[in-house]
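Colleague: got a structure for you, letters missing:
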């Protein structure tokens, strides 16, 4: 699993999470821009090894790193059991990821709080912190039956994420 601690440290230092600033951090960290939205001046999807990053929004933006991803195979004899196994496997990785982040570059700067920092997103399991005016969240998600089960790290400004009724980022 790719360690994104250094990137998170650099993103935490930004005054504002803008698309060009986040793209510059990813580019300098060895991520390759893959897809450009014609309406934006920066790549919106990035790849490094098996990991992906996605810059969402216009500004301030949100950055989602997908570090673990498993496709749901509908042809399995018992799809519900298989999905539960994927949830369990991803959830088993979450504490290791949280430990990696807490012992990494951000370390003592990560502040655990008692409030819900999911900003309305639905996670199977998650851990979240504040770092200054930003939120860092590590979580397991499965958006719908056609989507893979993912272990993600999200960085956003506090309260900047907005979703529609279907859970899609606006």
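Modeller: Structure received. These numbers come from a predicted model, not from an experiment. Residues are numbered from 1 along each chain as shown.

Colleague: so who does residue 43 touch?
Modeller: If you count contacts by C-beta atoms under 8 Å, 6 or more residues apart in numbering, residue 43 has them with 23, 33, 34, 35, 36, 55. For glycine as for every other residue, the C-beta is placed from the backbone atoms N, C-alpha and C.

Colleague: out of those, which end up buried?
Modeller: Listed as buried from the contacts of residue 43 are 23, 33, 55; burial here means 16 or more other C-beta atoms under 10 Å.

Colleague: not counting its neighbours along the chain, what's nearest the first one?
Modeller: Think residue 23. Using C-beta to C-beta, 6 or more residues apart in numbering and skipping residues adjacent in sequence, the residue nearest residue 23 is residue 42, 3.8 Å away.

Colleague: how close does the one you found get to residue 29?
Modeller: 14 Å (C-beta to C-beta, to the nearest Å).

Colleague: neighbour count winner among those two?
Modeller: Using other C-beta atoms under 10 Å as the criterion, residue 42 and residue 29 rank with residue 42 on top: 19 against 15.

Colleague: returning to that earlier point: export the contacts of residue 43 to TSV and tack on distance to residue 10 and secondary structure?
Modeller: Below are these laid out as TSV (distance: C-beta to C-beta, whole Å; DSSP: H, G, I helix; E, B strand; the rest coil):
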residue	distance to residue 10	secondary structure
23	12	helix
33	16	strand
34	20	strand
35	22	strand
36	22	strand
55	14	strand
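
Colleague: could those go into a markdown table alongside pLDDT?
Modeller: Output for these, formatted as a markdown table (pLDDT from 0 to 100):
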| residue | pLDDT |
| --- | --- |
| 23 | 94 |
| 33 | 92 |
| 34 | 87 |
| 35 | 80 |
| 36 | 77 |
| 55 | 95 |
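
Colleague: shaky segments in this structure?
Modeller: For the chain, the stretches flagged by pLDDT under 70 are 74-76, 79, 159-170.

Colleague: for it, just list every one of the helices.
Modeller: 5-13, 19-28, 79-103 (DSSP state H).

Colleague: who are the neighbours in contact with the residue nearest to residue 23?
Modeller: 19, 20, 22, 23, 33, 36, 55.

Colleague: now swap in residue 33 and tell me
Modeller: Contacts of residue 33 (C-beta under 8 Å, 6+ apart): 23, 26, 27, 42, 43, 45, 46.
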